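Student: take this sequence and fold it.
(2 chains)
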Amino acid sequence: MIRFDQVNKRYRGSDEILRHVTFEIEAGELVFVTGHSGAGKSTLLKLMAGIERPTSGTVLIGNQNISKLRPRMLPYLRRKFGLVFQDHKLLYDRNCFENVALPLYINGITGQEAAKRIRAALDKVGLLSKEKAIPVTLSGGEQQRLAIARAVVSRPAILIADEPTGNLDEEYATDIMKLFSAFQQVGATVIIATHDAHSIQNIPAKVLHLDHGKLSVS
Amino acid sequence: MKHWINQHTQVWRLVLSRIMRNKLSTLMIWSVIGIALSLPAILYVVIDNLNQLAGGVRNEPQISVFMKLDAEAATVQELKQKLQQHPGIAKQQFVSKQAAWQEMQQEQDVASQLEKNPLPDAFFIEPKDHSPDGIARLQHEIEGLPGVEHVLADADWAKRLYALLQLGKKAVWVLSGLLGFALVAIIGNTIRLQIATQREEIEVSKLIGATDGFIRRPFLYAGTLYGLGGSLLALGFVNGILTIFNLSVADLAELYGSSFILVLPGWEISLGVIACAVVLGWLGSYIAVNRSLARLNPN
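Tutor: Coordinates of the predicted model:
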């Protein structure tokens, strides 16, 4: 599904953020990306989702080489992913329903069909009663769940989340981890970055551990 | 197909709701565009009208031949025959001094105060050769014929007027070009500001797989709508201003014994203005959106 081969990544004027990273993720796997902050977790996720390109090495996503992909095709690749961003990236000038609607509109799904799927996604994260609410009126945990609803509404094959439990207290964090496990159980590939190794101890999953840009798999 | 229609109605709905939310600023943009477009449009209509007025004269240059007051009837008759047979003359019309006198008495009060007919016999000639040189040659030739007092060719002032109108037309094009450029800049800048307020949305959309076309579409539609609204307003301005002008123009023309008024722009011109504004609006927003999109693309 996703394969990295000797991937290096550096930004202009920075040290190497990822060094010789090689791994493979199968379809339907649950994967945690761990490491201290600044270890390169976010960069790794961005490379997986085609948001960044590797400086050298090969990133294959479903047999497509990211480096060789024409820019025009990039949007279609990104639609395979559901992304939960570290800073949510919710749109604060529109309500929950409209936030979740965005990926569907991008896919050309509107009207009744869209409404049905949006409500199903909101229901799954427990926000159905708040569809008319503006994101600022939601708690941190609710905003996080809204971001998840937006990521899953177009039923992506791969769900990628960057620190989804970052600023949440333990109870919320457990809820959200359960939510991700549920998606994996219905067949999605789920990739989650977290700096909190403690909270994932009891979950059976592949762990990609980053230390100063070097990867170890366990 | 259904997908496509869905997506486009969705975009129109979004754009219209944004316009409804910002009624005042939309109205301001329309006004700016309307004024910018109406200036060259009014100038064009005025010049076009003058052109029509001058057109009749220009297309049929006329040579007026005035006989000596004491010319004998036989001399006049002889000249008439000569002119009729002349190969360089397309049409000729004889107006006897009596006929001209009667006509003058009917039309003007001054004439009734004159005791004696001051008018000469006259021929009005249309030459076959319309070039200024040909007219001058013919004028010179007739001047030498017996009994002829004075030959007047009206090509000169027609030529001057024509040249002046050409200059006016050029001014219209230059003005249109400049204001068209201004229009692209105005709409481009407006769209740029809108993009700035929707930056987050554009960024997120891009990250989750929106194509450039998807992001561009609402802005292109908005730019097009600005152009359309502005041009409709411009047509309103042009027709309103010309109608007000016409009240004075009619008065002025009457003083010259003419019933000339400015003809309002026809549908071709109106459609032309609308089409130009729509295209320029589209272009302005296209440039603005593309610049912003380029900044968001990964390197």
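Student: the top helix by length along chain A: which residues count as buried?
Tutor: Secondary structure assigned by DSSP state H gives helix A:170-185 as the longest helix of chain A. When neighbours are counted by 16 or more other C-beta atoms under 10 Å in any protein chain shown, the buried residues of helix A:170-185 are found to be A:172-173, A:175-177, A:179-180, A:183-184. Glycine gets a C-beta too; all of them are placed from N, C-alpha and C.
Student: relative to A:R117, which of these is nearest.
Tutor: Minimum separation from A:R117 among those (C-beta to C-beta) is found for A:F183, which lies at 14.8 Å.
Student: what's near enough to touch the closest one?
Tutor: Residues in contact with A:F183, defined by C-beta atoms under 8 Å, 6 or more residues apart in numbering or on different chains, are A:152, A:159, A:190.
Student: residue 106 - how many residues pack around it?
Tutor: This is for chain A. Using other C-beta atoms under 10 Å in any protein chain shown, A:I106 has 22 neighbouring residues.
Student: switch to chain B, that's the one I care about
Tutor: Other residues within reach of B:Q106 by the criterion other C-beta under 10 Å amount to 9.
Student: so it, which state does it fall into?
Tutor: Assigned with DSSP: H, G, I helix; E, B strand; the rest coil, B:Q106 falls in the helix class.
Student: surely A:F180 meets A:L159?
Tutor: Yes. Checked against C-beta atoms under 8 Å, the pair A:F180 and A:L159 is within contact range at 7.1 Å.
Student: what do those two both touch?
Tutor: Contact criterion C-beta under 8 Å, 6+ apart; residues shared by A:F180 and A:L159: A:V190.
Student: show me what from the stretch 101-250 of chain B comes close to chain A.
Tutor: B:200-201, B:203-212, B:214 (C-beta under 8 Å from any C-beta of the partner chain).
Student: who's in contact with A:R117?
Tutor: With contacts defined as C-beta under 8 Å, 6+ apart, the neighbours of A:R117 are A:104, A:109, A:153-154.
Student: which SSE is it in?
Tutor: In this structure, A:R117 is located in helix A:111-124 according to DSSP states H and E.
Student: contacts for the next helix or strand after that helix next, please.
Tutor: On the C-terminal side of helix A:111-124, the closest following helix or strand by DSSP H and E is helix A:140-152. Helix A:140-152 is contacted by residues A:82-85, A:88-90, A:96, A:99-100, A:102-103, A:121-122, A:124-127, A:130, A:135, A:138, A:159, A:161, A:164-165, A:167-168, A:172, A:175-176, A:179-180, A:183, A:188, B:208 when judged by C-beta under 8 Å, 6+ apart.
Student: got the residue ranges for the helices in chain B?
Tutor: B:2-21, B:23-59, B:73-85, B:97-107, B:109-113, B:132-143, B:155-197, B:199-207, B:212-255, B:267-296.
Student: least reliable of the ones you listed by average pLDDT, please.
Tutor: Note on the helices of chain B: helix B:109-113 shows the lowest mean pLDDT, a mean of 65.
Student: give me the buried subset of the contacts of helix A:140-152.
Tutor: Judged by neighbour count, with 16+ other C-beta under 10 Å as the criterion, the buried members of the contacts of helix A:140-152 are A:82-85, A:88-90, A:96, A:99-100, A:102-103, A:121-122, A:124-125, A:127, A:130, A:135, A:138, A:159, A:161, A:164-165, A:168, A:172, A:175-176, A:179-180, A:183, A:188, B:208.
Student: good, wrapping up.
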